[in-house]
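Engineer: no sequence for this one, just the structure:
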């Protein structure tokens with residue numbers, strides 16, 4: 001059951017997530033597809049306010065009865081498409097896929113209900129322009145209260161949540177392999193269990209959520225493909241994102257003992273090796289990426305000075321919130337023995353947008369674009385699956401920190417002063 005407190009936190013996160021969509025890199029293996037009914041989004045757009053696959057804010061202002069009616073009509077339209085499938089087993093999977101896809105749309109409506117575009121724009125302005133101000137959190141709290149212009153009645157919310165959670169199994173292997181909507185639903189149920197039944201299982205704060213998620217998967221799922229796959233994904237996340245060394249080591253050891261899939265084991269071994277590399281004062285992997293003027297720049301070419309790397313993207317609100325602090329540091333340490341590099345993981349298809357953003361905002365330092373966004377070699381070697389992320393390299397090319405302090409953290413200046421004295 002989703003409590004009122006958790007729902008409130010979910011709403012706050014919703015506003016922040018909208019400001020930083022896709023801030024996590026997701027890797028899907030070949031055995032995982034989404035190939036049952038490929039035109040769900042296009043069909044949904046006939047009934048729900050959408051443009052180019054994005055929901056419009058007026059969707060979050062619609063009465064719930066209207067939303068439910070529209071979703072029922074959408075499901076009937078998709079059923080007529082599924083009815084053309086002659087293979088009974090595949091048709092069954094198609095209908096399940098539509099059901100979980102519809103649940104996902106409804107869940108989004110519940111979480112973002114009442115959200116206002118003007119309020120969101122104001123919140124982004126505060127996040128990107130006021131971070132570090134003495135009254136920042138008061139401003140943010142005030143702005144958040146204006147993001148949601150309407151609140152859903154508790155009974156109405158309870159009724160809708162019951163539809164999204166519904167009765168369904170967590171271990172449907174055939175559906176899991178072919179339906180992204182079902183995989184998202186399973187992940188949401190695991191998250192709900194983490195936040196309720198397993199809430200008191202960690203003392204590591206926010207990072208502990210990743211560890212508890214592993215525990216939920218271990219105890220709530222039956223042995224089989226779904227459990228192995230989710231354990232593989234969650235273990236990688238713990239090793240990449242949790243700072244507690246003991247937690248990383250435990251997750252790695254437990255995974256290697258329990259999971260037998262050789263492909264999963266090989267990939268987790270690589271993630272673990274990357275983590276160890278970052279803590280061993282090893283020579284950093286090189287990169288060779290284009291700058292904003294189209295010239296190739298390698299990390300090796302920057303040796304002789306410290307290199308502070310900001311991994312960011314134009315779509316990432318928290319990344320942009322760090323830019324004013326980074327600019328100030330760049331100015332204050334100008335002429336010192338340090339290079340400042342901003343490495344964007346925007347997609348190559350958004351190269352023009354990236355160039356415009358850099359030039360329009362007069363961003364300083366060495367501005368580079370990774371060749372394959374989150375799948376770029378350098379980015380993967382540093383286990384980066386969320387941004388902003390900062391890396392510090394010494395003049396000999398060795399890693400000082402693979403997860404360095406942010407520009408907004410006063411401790412970064414202390415570290416620079418110690419290193420650059």
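Structural biologist: That came in fine, so what should we check first? These figures come from a predicted structure and were not determined experimentally.

Engineer: which residues sit in contact with residue 338?
Structural biologist: Applying CB atoms under 8 Å, 6 or more residues apart in numbering, we find residue 338 in contact with 305, 306, 307, 308, 416, 420. (C-beta placed from N, C-alpha, C; glycine too.)

Engineer: separation between the fourth one and residue 347?
Structural biologist: Computed as CB to CB, to the nearest Å, the residue 308 to residue 347 distance reads 24 Å.

Engineer: okay, those two: which has more neighbours?
Structural biologist: residue 308 (27 against 17; other CB atoms under 10 Å).

Engineer: doesn't that one lie inside a strand?
Structural biologist: Yes. Secondary structure of residue 308 (DSSP: H, G, I helix; E, B strand; the rest coil): part of a strand.

Engineer: tell me what it is bridged to.
Structural biologist: Applying DSSP bridges to residue 308 gives these bridge partners: residue 340, residue 392.

Engineer: doesn't residue 343 make contact with it?
Structural biologist: No. Assessed by CB atoms under 8 Å, residue 308 is found out of contact with residue 343, at 10.9 Å.

Engineer: now do stretch 123-134: distance to the chain's middle.
Structural biologist: 21 Å (CA atoms, centre = their mean, to the nearest Å).

Engineer: for that stretch, measure first residue to last.
Structural biologist: Across stretch 123-134, the terminal residues are separated by 17 Å (CA to CA, to the nearest Å).

Engineer: list the contacts of residue 47.
Structural biologist: Shown in contact with residue 47 (CB under 8 Å, 6+ apart): 70, 71, 73, 74, 77.

Engineer: quick check: closest non-adjacent residue to the last one.
Structural biologist: Nearest-residue entry for residue 77: residue 43, 5.6 Å, with adjacent residues in sequence omitted and distances by CB to CB, 6 or more residues apart in numbering.

Engineer: residues near that neighbour, how many?
Structural biologist: Neighbour count of residue 43, defined by other CB under 10 Å: 16.

Engineer: which neighbouring elements make contact with the biggest helix by length in the chain?
Structural biologist: Looking across the chain with DSSP state H, the single longest helix is helix 88-112. Judged by 3 or more CB pairs under 8 Å, 6 or more residues apart in numbering; DSSP states H and E, helix 88-112 is in contact with helix 4-19, helix 40-44, helix 64-82, helix 154-165, helix 173-178, helix 180-195.

Engineer: just send these back as CSV, with distance to residue 54 and mean pLDDT too.
Structural biologist: Formatted as CSV, the helices and strands packed on helix 88-112 follow (distance: least, CB to CB, whole Å; pLDDT from 0 to 100):
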stretch, distance to residue 54, mean pLDDT
helix 4-19, 10, 49
helix 40-44, 10, 96
helix 64-82, 17, 97
helix 154-165, 21, 96
helix 173-178, 25, 97
helix 180-195, 17, 95
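
Engineer: please name whichever of the ones you listed is nearest to residue 391.
Structural biologist: Using CB to CB as the measure, helix 4-19 is the one of those that comes nearest residue 391, at 23.7 Å.

Engineer: and the contacts of residue 338, which are buried?
Structural biologist: 306, 307, 308, 416 (16 or more other CB atoms under 10 Å).

Engineer: tell me where the stretch 251-400 of the chain has strands.
Structural biologist: 288-291, 296-298, 306-312, 338-344, 366-369, 389-393, 399-401 (DSSP state E, counting those that start in this stretch).

Engineer: can you put these in CSV and add mean pLDDT and distance to residue 82?
Structural biologist: Below are the strands of the stretch 251-400 of the chain laid out as CSV (pLDDT from 0 to 100; distance: least, CB to CB, whole Å):
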stretch, mean pLDDT, distance to residue 82
strand 288-291, 96, 45
strand 296-298, 97, 50
strand 306-312, 98, 42
strand 338-344, 98, 41
strand 366-369, 98, 42
strand 389-393, 97, 42
strand 399-401, 96, 52
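
Engineer: export the ones you listed as JSON lines, with columns for distance to residue 133.
Structural biologist: Shown next, in JSON lines, are the strands of the stretch 251-400 of the chain (distance: least, CB to CB, whole Å):
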{"stretch": "strand 288-291", "distance to residue 133": "32"}
{"stretch": "strand 296-298", "distance to residue 133": "34"}
{"stretch": "strand 306-312", "distance to residue 133": "21"}
{"stretch": "strand 338-344", "distance to residue 133": "23"}
{"stretch": "strand 366-369", "distance to residue 133": "26"}
{"stretch": "strand 389-393", "distance to residue 133": "21"}
{"stretch": "strand 399-401", "distance to residue 133": "27"}
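
Engineer: what does the helix or strand hosting residue 228 contact?
Structural biologist: Using DSSP states H and E, residue 228 sits in helix 225-241. Residues outside helix 225-241 that contact it (CB under 8 Å, 6+ apart) are 29, 32, 170-173, 176-177, 186-187, 190, 207, 210-211, 213-214, 217-218, 221, 247-248, 251-252, 254-255, 258-261, 264, 267-268, 271-272, 275, 383-386.

Engineer: now that helix against helix 180-195, angle please.
Structural biologist: On the basis of axes from the mean of the first three to the mean of the last three CA atoms, to 10 degrees, helix 225-241 is oriented at 60 degrees to helix 180-195.
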